[in-house]
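Student: generate a structure from the sequence data that follows.
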Amino acid sequence: MLKHALGEQSQDELSADEDTLSQHSDSIMDYRQIKQQSAPSRRRSFSASPPPSNYQQSHVSDSPLQKDAEEPARRVRICWQNEQDQRKLRTKPLSKAYDEDLRAYEASERLELAKVKAKAQEMEQKYKENVLKGTPRISHAAKIYSRKNIPRHSKLNQRISRGGFAKPKKTAPMKVKENDLLPLLLEEFPHMNISHPTMNKMWQQQLSQIEQFKSPRDRNQWKLQNEHEFRQRIERQKYTQNKMRERRQQVARAKKYYQDYRVQLRAKMMRTRTREERIFKQLFEEALEIQKQRFLELRSYAKEKRAEQKKQYQDELQSMENYYKDQFAMLAEAVSEERRDIQTRERAHAQ
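Tutor: Residues are numbered from 1 along each chain as shown. Coordinates of the predicted model:
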């Protein structure tokens, strides 16, 4: 998905760059085809002072060439801004989706690890409680010990008021299993308060005595059973540790994958940004060159117009000078003729 989006983005950028370059070339051709327009006519003054400068500035600034010079730059800025907005809209959903997936995966992994830890702690707590309590284990080949309390007949004669001997009472037989001696005594003496260390010590004494009277086969079986349970407990602990290690490795791999993805995405974005900056810089240099050429052409055009205006002004001054010279010559000739006529009339009147 990411490659497809980046591929489409690169194709759009290339097509946009080609469009902008074609627009620049078209604007250059259009500018070269523009004909020079004649300046508006104005009333000429016959004074020797040069025309005001504000007229030249307004004439140059109101030229359509200046507007044509700003139009391609504005189009380039609009295209570049549209491309930036589209790129942000494309990359934002992808990064958001990846972040949400990673957070969900981390939450599930933390929940699983918490469950495994709780289960391991519970098993460890149970094991510690069993060890501290010292609960006796019932062996498979348990022997049933039966002990009959035979009443002791008194050898002494018990005298009674009427004489004779009292018959002894028979007690019920008491059967005690191998691990039931201490519980039976506690039942017989329910009001006894025995401390916990003393109780553990009595349990240990009872178990050691039972172990002494057991057969070697039973002892070996008991040892094998203990070893088997110990191995099972170790295997369970190893399994739990391996499970937790696998979970941690999975989380580490997921984090590493996410970090690698972020680094790669940042590198791609930096490369794209560098390429965009390079293209924009090249485009800016071309625009500067075009603007420079247009400024030079505008300057030469203004210079030509000023030279033309100056020449036209000089021609007008020359024509006016010639006109007034002719008028003054005609006036001088008329004055001289009138003077000659006056002199002729005076001479005739004098004669």
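
Student: how about residue 192, phi and psi?
Tutor: phi -80, psi 130 (degrees, to the nearest 10).

Student: what about it, how many neighbours?
Tutor: Neighbourhood size, residue 192 [other C-beta atoms under 10 Å]: 8. Quick note: C-beta positions are derived from backbone N, CA and C, even for glycine.

Student: please report how far it lies from residue 207.
Tutor: 21 Å (C-beta to C-beta, to the nearest Å).

Student: do the same with residue 341
Tutor: 175 Å.

Student: okay, these two: which has more neighbours?
Tutor: Neighbours per residue (other C-beta under 10 Å) separate residue 341 from residue 207, with residue 207 holding more: 15 against 10.

Student: what ranges do the helices span in this structure?
Tutor: 2-33, 53-61, 64-133, 181-188, 196-213, 216-350 (DSSP state H).

Student: now the second one: mean pLDDT?
Tutor: Okay, so that is helix 53-61. Across helix 53-61, the average pLDDT comes to 44.

Student: same check, this time on the last one
Tutor: If you average the pLDDT over helix 216-350, you get 90.

Student: report the angle between the axes of it and helix 196-213?
Tutor: 130 degrees (axes from the mean of the first three to the mean of the last three C-alpha atoms, to 10 degrees).

Student: and helix 216-350 with helix 64-133, angle?
Tutor: Going by the same axes, to 10 degrees, helix 216-350 makes 160 degrees with helix 64-133.

Student: can you list the low-confidence ranges for the stretch 101-250 of the chain?
Tutor: Low-confidence segments of the stretch 101-250 of the chain, defined by pLDDT under 70: 127-128, 130-179, 213-219.

Student: one more time with 50
Tutor: Within the stretch 101-250 of the chain, the segments meeting pLDDT under 50 span 135-174.

Student: how many neighbours does residue 78 have?
Tutor: 10.

Student: an error on my part: the question was meant for residue 202.
Tutor: Residue 202: 16 neighbours (other C-beta under 10 Å).

Student: can you check residue 87 too?
Tutor: Neighbours around residue 87, by other C-beta under 10 Å: 19.

Student: ok, residue 72 next?
Tutor: Neighbours around residue 72, by other C-beta under 10 Å: 22.

Student: same question, residue 287
Tutor: With other C-beta under 10 Å as criterion, residue 287 counts 16.

Student: identify the residue nearest it in space, chain neighbours excluded?
Tutor: residue 73 (5.7 Å; C-beta to C-beta, 6 or more residues apart in numbering).

Student: is it correct that the one you found is in contact with residue 288?
Tutor: No - assessed by C-beta atoms under 8 Å, residue 73 is found out of contact with residue 288, at 9.9 Å.

Student: identify the contacts common to the two.
Tutor: Among the neighbours of residue 73, none is also in contact with residue 288 (C-beta atoms under 8 Å, 6 or more residues apart in numbering).

Student: more crowded one of those two?
Tutor: residue 73 (16 against 11).

Student: tell me the pLDDT of that one.
Tutor: pLDDT at residue 73 comes out at 75.

Student: and it, how far from residue 82?
Tutor: Applying C-beta to C-beta, the value for residue 73 to residue 82 is 15 Å.

Student: repeat for residue 109
Tutor: 42 Å.

Student: which one's more surrounded, these two?
Tutor: residue 109 (15 against 12).

Student: re earlier: please report how far the residue nearest to residue 287 lies from residue 286.
Tutor: Residue 73 is 11 Å from residue 286, by C-beta to C-beta.

Student: kindly report the same for residue 101.
Tutor: The value you get for residue 101 to residue 286, if C-beta to C-beta is used, is 44 Å.

Student: again with residue 320
Tutor: Residue 320 is 51 Å from residue 286, by C-beta to C-beta.

Student: ok, now residue 197?
Tutor: Distance from residue 197 to residue 286, by C-beta to C-beta: 96 Å.

Student: how many neighbouring residues does residue 271 have?
Tutor: 10.

Student: what do you get for residue 180?
Tutor: 16.

Student: what's the distance between it and residue 205?
Tutor: Taking C-beta to C-beta, one finds residue 180 at 15 Å from residue 205.

Student: and what of residue 264?
Tutor: 71 Å.

Student: same question, residue 275
Tutor: Distance from residue 275 to residue 205, by C-beta to C-beta: 87 Å.

Student: ok, residue 84 next?
Tutor: 86 Å.

Student: swap in residue 258?
Tutor: 62 Å.

Student: between these two, point out the one with more neighbours.
Tutor: Counted by other C-beta under 10 Å, residue 258 and residue 205 do not tie: residue 258 has more neighbours, with 16 against 11.
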